[in-house]
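Student: model this:
(chains A and B)
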Amino acid sequence: MATALTSRPEPARPSRINAKVVVAGLAITLPLLAVLVANLGRDPHSVRSPLIGRPAPSFSLVPVGGGAPVALEKLRGKPVVINFWATWCVPCFEEHAALTAAARGLPDVQFFGIVYEDEEARTQEFLRQRPSAYPSLFDPEGKAAIAYGVFGVPETYFIDGNGRIVDKYVGPMTRSIIAGLVARAKEGAR
Amino acid sequence: MVPILGRILILMALLSASAGALVGFATGMRPNAAGWKWARRLAYAFAAFMVLANLTMEYALLTHDFSVSYVAHVGSRQVPTWVSIVSLWSSLEGSILFWGLVMGVYVAVATWRNADKHPEYMPYAVGVWLACGAFFSFLLAGPAQPFATVPNPAMDGPGPNPLLQNHYLMVIHPPFLYSGYVGMTIPFGLACAALLVGRLGNDFIRPLRNFLLFSWIFLTCAIVLGGWWAYEVLGWGGYWAWDPVENASFLPWLTATAALHSALLVERKGVLKGWTTILVLATYLLTILGTFMTRSGVFNSVHSFTQSAIGPTILVFLAGALLFALVLLALRVDRLGTEGRLETGPSRDVMFLVQNLLFVLFTFTVLLGTVFPLVVEAFRGVQMSVGRPYFDRMSVPVGVALLFVMGVGPALPWGRATAQQMRAALLPPLLSAALLAVAGLLFGVRNPWTLLALFFGGFTAQVTLSEMFLPVRQRMRSHGEGFVEAFRQAQVRGRRRFGAYVVHAGAILAIVSVAVSSTMGSSKEVQLNQGESSTLGPYTLTFVNAEQLKEPHRESVLARVDISKNGRSLGALYPRMSQYENQREPIGSPAVRSSLTEDLYLSIHNIDSASVGLLVLINPMVSWIWIATAIMALGGLVALVPSLRGAAATAPAPVPPAPVAIEGSR
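Tutor: Numbers count the residues shown, from 1 in each chain, chains lettered A, B, ... in the order given. Take a look at the predicted model:
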């Protein structure tokens, strides 16, 4: 680059490096870049809820289509995945297959759906067309959703064998996301 | 068919930009006419392909071609045509495509206007622009592809984010923002060219300043339009929340404003060349940082479930651009040198420096507040946000100090002021300062910062107006002309100076309005049954009824609220709650009754046929923020116009009134 410059009328000064610019520039840009890189892997959807690390709120809800109520306390010793969903939610529809496949592939983990703000008839119709590998519970007054602080659907809570919430995920999940968070729930029990 | 055409156009744009960047740099190193001609052709080709790609996308949006991935993502048959058109910039991929369009137009215009000027700089500048253009084409070709083919297209799509369909401001805010943001590429390229050549001549600072000012006008408007949109649409009653997205647009504005001022010293005194170059480079880098921060589309929220892979790509580009800028500065900034000398005594020169340092301090403050949550999360794994208190505590003193400098600087003469000159310059404006502060006290202002803002606002307003019309008065006295003729003559001779003071007048108004509106408002939350009333200040609000409204793309519930002020009826306001097709959450739209003194602002919390929960606010002086911005933009245009018309023909700087030796310091 410098070759063409010599022909200019400019007095040919020795091209030296301005140390001040280098030091100040690096002092500002390197930490900034480091912070941005460190946060790159961060998923804004993995929302920290104040409930994380705390005992999961208990509930006793009837499965869609009827049956004996399911109580969370009875499931201690096994990691639990609770997925809040609704038939009117497009992302829930997207993650349905991933959740069902994960539930089939992880028999040592108990999966539940909790239906959020929906009608039972529509839920039954939805599940008739797209069979699920785990039960979905009906939450008629939204008490479980309120207890868990559900903001929107889909939201998924990962609970370890001691009944503590290990993580919360907002938005549709893929199988690899589910597998990663389930692994953390299993670790949490140890 | 359409997706393939779109992809071909993007690839052609990528090809032209990459080739043009290489040709540009090669020609910069070995100047030759053929190389320069090809660099120009490739720049025009890049622009043409970007325009065509955008037209193709508009065609796909308007014909609801759901085989185009972007249309499948944001298109809908249910929305009105204007929403389909503006959907181009409503989501991530489309907004990058639109970025490409704006960039193409800028590069073409900047190349065309300088096709036969600055022969040693321009090839490098075109090289830098097209290198940036190549990056954005690459984004569109891979990581943020808008023209991917959808194998089994659906019959209908979800439509864009309803918040964006809610208000006409959404039609104009993004184009303004992009015109401001992307426009910073042009001064960046020019500054890089100056560093590559190793010289920043007085002739070359002018196109740099003009493109900087042009983009600055758009960015100024865009920032305030964004605030206005938030105010009219989001329903929390404010216009600025120090949200990362807002900061992303504010940061480059701060450095650009500083650069516009230091460029004046480059032009006038031949000093601060390296500093100005650094500010221009920083401005562009901050726009890229802002793009990174808002990578998932301008309006990301917890409920927009789109993950995007372009973050790392933009980060790599940002790191590359930072490295390029740093190496270039380290090697060449000393060559730019200085031709003059900066006075160190009390003078306008020094106030320019103080102003520049305040703006840079402001930039660091906002940058730190924006990035700090990321730092905390990276090290401690705790999510946190730096809220308003930090930003308000830091920005209020800086804003007031800027107001002070904006008054003292222009009041002082260039060079070195004597004690007598200083008294003559600084004492008279204290009159307006005291008047405005006392007026504030009478109106009940008790907040010390607001009073200080009023005091300095009055001071600076008097200085600004007297400087604005100083040439007119001088002409009336020395040439015996009438006001109109003197004004016209002064305009012809010193329009840039006049424009600058108009911008200052707008800025004073904006700072004072922000100070008053943020400290003097009142608010209340009420739950009203049908027929019930509530009062806030002089206003009485009565909930009359809830009305249903059906439109093709949404259903709304409107609360009819009758308003009266001091017993006099002012008609009804209709805040509403809208449910959009294909969206699950209802969206509230506030209703605002604006006047020059204050706004009455109603926003619905909850509504059914029998009762409504309302947030009621009285926001004083908010209208003046919008007016002030219009004044600033107008002032910027006034300052820009003479330089657009054959800049070479006119004198380099307007004849200043004070005894100043123009370029005499050389």
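
Student: does the residue nearest the centre of chain A sit in a helix, a strand or a coil?
Tutor: Residue closest to the average C-alpha location in chain A (C-alpha atoms, centre = their mean): A:Tyr169, at 2.2 Å. At A:Tyr169 the chain is in strand, as set by DSSP: H, G, I helix; E, B strand; the rest coil.

Student: Read off the pLDDT value for it.
Tutor: The predicted structure scores A:Tyr169 at 85 on the pLDDT scale.

Student: What number of residues are in the vicinity of the residue nearest to it when sequence neighbours are not counted?
Tutor: Spatial nearest neighbour of A:Tyr169, chain neighbours left out: A:Thr156 (4.7 Å); criterion: C-beta to C-beta, 6 or more residues apart in numbering or on different chains. Yep, even glycine has a C-beta here, placed from its N, CA and C like the rest. By the measure other C-beta atoms under 10 Å in any protein chain shown, the count of residues near A:Thr156 is 24.

Student: Report the separation between A:Thr156 and chain B.
Tutor: According to C-beta to the nearest C-beta, to the nearest Å, A:Thr156 and chain B sit 13 Å apart.

Student: Surely that residue forms part of a strand?
Tutor: Yes. Secondary structure assignment (three-state DSSP) places A:Thr156 inside a strand.

Student: Touching, it and A:Ile177? I think so.
Tutor: No. Taking C-beta atoms under 8 Å as the definition, A:Thr156 is not a contact partner of A:Ile177, at 9.1 Å.

Student: Next, show the common contact partners of those two.
Tutor: Taking C-beta atoms under 8 Å, 6 or more residues apart in numbering or on different chains as the criterion, A:Thr156 and A:Ile177 both touch A:Tyr169.

Student: Pull out the buried residues from stretch B:222-240.
Tutor: The neighbour-count criterion (16 or more other C-beta atoms under 10 Å in any protein chain shown) identifies B:222-235, B:237-240 as the buried residues of stretch B:222-240.

Student: all strands for the chain, in order.
Tutor: The chain I'm using is chain A. A:60-63, A:70-71, A:80-85, A:110-115, A:136-138, A:155-159, A:165-170 (DSSP state E).

Student: my bad, chain B
Tutor: Taking DSSP E as the test, the strands found in chain B are B:522-529, B:533-536, B:539-551, B:554-565, B:568-573, B:576-580, B:587-589, B:591-594, B:598-607, B:611-620.

Student: give the contact list for the nearest residue to A:Ala179 once chain neighbours are set aside.
Tutor: For A:Ala179, the nearest residue in space outside its immediate sequence neighbours is A:Ala102; the separation is 6.8 Å by C-beta to C-beta, 6+ apart. When the contact criterion is C-beta under 8 Å, 6+ apart, the partners of A:Ala102 are A:81, A:111, A:175, A:178-179, A:182.

Student: okay, those residues in JSON lines with distance to A:Arg16 and pLDDT next?
Tutor: Conversion of the contacts of A:Ala102 to JSON lines gives the following (distance: C-beta to C-beta, whole Å; pLDDT from 0 to 100):
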{"residue": "A:Val81", "distance to A:Arg16": "62", "pLDDT": "93"}
{"residue": "A:Phe111", "distance to A:Arg16": "66", "pLDDT": "92"}
{"residue": "A:Arg175", "distance to A:Arg16": "57", "pLDDT": "83"}
{"residue": "A:Ile178", "distance to A:Arg16": "57", "pLDDT": "88"}
{"residue": "A:Ala179", "distance to A:Arg16": "55", "pLDDT": "87"}
{"residue": "A:Val182", "distance to A:Arg16": "58", "pLDDT": "88"}
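
Student: any chance of those in CSV, plus distance to B:Gly636?
Tutor: Output for the contacts of A:Ala102, formatted as CSV (distance: C-beta to C-beta, whole Å):
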residue, distance to B:Gly636
A:Val81, 57
A:Phe111, 60
A:Arg175, 54
A:Ile178, 53
A:Ala179, 55
A:Val182, 57
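
Student: Buried subset of those residues as a PyMOL selection?
Tutor: In PyMOL syntax, the buried subset of the contacts of A:Ala102 is picked out as below (16+ other C-beta under 10 Å):
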select buried, chain A and resi 81+111+178+182
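
Student: Quick check: the gap between B:Ala639 and chain A.
Tutor: Using C-beta to the nearest C-beta, one obtains 31 Å as the distance from B:Ala639 to chain A.
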